[in-house]
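Engineer: Quick one, structure for this:
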Amino acid sequence: MITLLIQVATLLLWVTGLSQTDKVHQTPTEILKRPEDKVQLSCSHNVPNYYMILWYQQSAQNTALKLIGYVRYTSPMVEDSFKERFNVSGDGAADKMAYLHIPKLREAEDSAVYFCAASDAQCF
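Structural biologist: Model prediction:
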């Protein structure tokens, strides 16, 4: 039996001058799943005037962070290279929840560390 380890971590907020009480919280912190299983990761923050939660993947083969997608206000966006396998949903506002959904894990591609980050809602 092969299992996948999905580790999750929270990126630091991307601006200076934030107080030490500004937090980003991601759950679960670590999970073990089998190929074909589904996964849902949750992320929230308490930073006023931040309306975006971004999701990243860092694989063992490529340590660069890859943007999976984000929720800006309540509008989700998934990068083209992840659209077939990943979904994002929720609300990027403070004290709300945003989610990363992986409906069907693939062994090689999806075994990774997943990060969420909070940001102000800039246009890209």
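
Engineer: only C-alpha atoms for contact and neighbour calcs from this point on.
Structural biologist: OK.

Engineer: Let me see the contact set for the residue nearest to residue 94 when sequence neighbours are not counted.
Structural biologist: Distance criterion Cα to Cα, 6 or more residues apart in numbering; nearest residue to residue 94, sequence neighbours excluded, is residue 46 at 4.6 Å. Residue 46 makes contact with 22-24, 94-95 under the criterion Cα atoms under 8 Å, 6 or more residues apart in numbering.

Engineer: Can you list phi and psi of residue 46 for me?
Structural biologist: When read as degrees, to the nearest 10, the backbone of residue 46 gives phi -120, psi 30.

Engineer: Next: residue 108.
Structural biologist: According to degrees, to the nearest 10, residue 108 has phi -70, psi -40.

Engineer: what about residue 109, which helix or strand?
Structural biologist: helix 107-110 (DSSP states H and E).

Engineer: any idea of the pLDDT on residue 60?
Structural biologist: Residue 60 is assigned 83 on the pLDDT scale.

Engineer: hang on, it packs against residue 112?
Structural biologist: Yes. The criterion here is Cα atoms under 8 Å, and residue 60 meets it with residue 112 at 6.5 Å.

Engineer: Relative to residue 25, how far out is the residue nearest to residue 94?
Structural biologist: 9 Å (Cα to Cα, to the nearest Å).

Engineer: The most centrally placed residue in the chain pairs with what?
Structural biologist: Of all residues in the chain, the one closest to the mean position by Cα atoms, centre = their mean is residue 55, 2.9 Å from it. Residue 55 has these beta-bridge partners by DSSP bridges: residue 69, residue 116.
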